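Q: Sequence first, predicted model second:
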Amino acid sequence: EQTVAWMEDEVVMDGQEYSPMYLWDLKARKKGTNGVPFNSKKYRQEFVKRCQMYLFIRLVLDVEPQECKQGYTELRKSAMQACSDGRITLGDHTANAEADDDEQERDELEDHSEPQREKKTKGGNEWFVKASLLAKTYVNMSG
């Protein structure tokens, strides 16, 4: 349930409230908060895992998120397995993610900043794009 809430509603970490993860594009993750960029290797890997877990909950599980009985570790393993065996795929969202990456690279060249290394985390931004689009659908349906 927390994974869905973080993606669609808000993120709460260490008593701090943040915008929902579906809004955390590359630029927002680079900016971060309190001087800590959310695109650092530590956060990037966790972010991708959470995107995959969100997709697993919404696309594979046949229960409402609040009825999910799996804990974090079990959900993470199940999501990784679903990605591995093809139950969750990037599909058509890859093209959109690549376009986002190209735009980000252009912005970074203009900023003279270091290029993002998002693609090193197998489809990192692509997983975000797919999860973000799905989350927006659920947010729009409930709002």
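A: Sure thing, it's come through.

Q: State the number of residues packed around the residue lying closest to residue 131 once chain neighbours are set aside.
A: In this structure, residue 131 finds its nearest non-sequential neighbour in residue 51, 4.0 Å apart by C-beta to C-beta, 6 or more residues apart in numbering. The way it works is simple: take the backbone N, C-alpha and C, and place the C-beta from them, glycine included. Neighbourhood size, residue 51 [other C-beta atoms under 10 Å]: 28.

Q: Identify the residues contacting the helix or strand harbouring residue 51?
A: Assessed by DSSP states H and E, residue 51 sits inside helix 41-59. Outside helix 41-59, the residues within contact range by C-beta atoms under 8 Å, 6 or more residues apart in numbering are 3-4, 6-7, 21, 24, 29, 36-38, 65, 68, 75-76, 78-80, 82-83, 87-88, 118, 121-124, 127-128, 130-131, 134-135, 138.

Q: how about the helices of this protein, start to end?
A: 2-8, 26-31, 41-59, 72-84, 93-111, 124-142 (DSSP state H).

Q: Make CSV out of those and add mean pLDDT and distance to residue 16.
A: Formatted as CSV, those follow (pLDDT from 0 to 100; distance: least, C-beta to C-beta, whole Å):
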stretch, mean pLDDT, distance to residue 16
helix 2-8, 91, 13
helix 26-31, 81, 15
helix 41-59, 89, 14
helix 72-84, 94, 19
helix 93-111, 45, 25
helix 124-142, 90, 20
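
Q: With distance to residue 14 as extra columns, can I get those in CSV?
A: Formatted as CSV, these follow (distance: least, C-beta to C-beta, whole Å):
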stretch, distance to residue 14
helix 2-8, 14
helix 26-31, 18
helix 41-59, 13
helix 72-84, 17
helix 93-111, 28
helix 124-142, 22
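
Q: Could you tell me how many residues sit around residue 42?
A: Residue 42 is flanked by 10 other residues according to other C-beta under 10 Å.

Q: Okay, it and residue 48: tell me how far apart.
A: 12 Å (C-beta to C-beta, to the nearest Å).

Q: now residue 8
A: 18 Å.

Q: Also residue 11?
A: Counting by C-beta to C-beta, the gap from residue 11 to residue 48 is 15 Å.

Q: Kindly report the same for residue 133.
A: For residue 133, the distance to residue 48 equals 16 Å [C-beta to C-beta].
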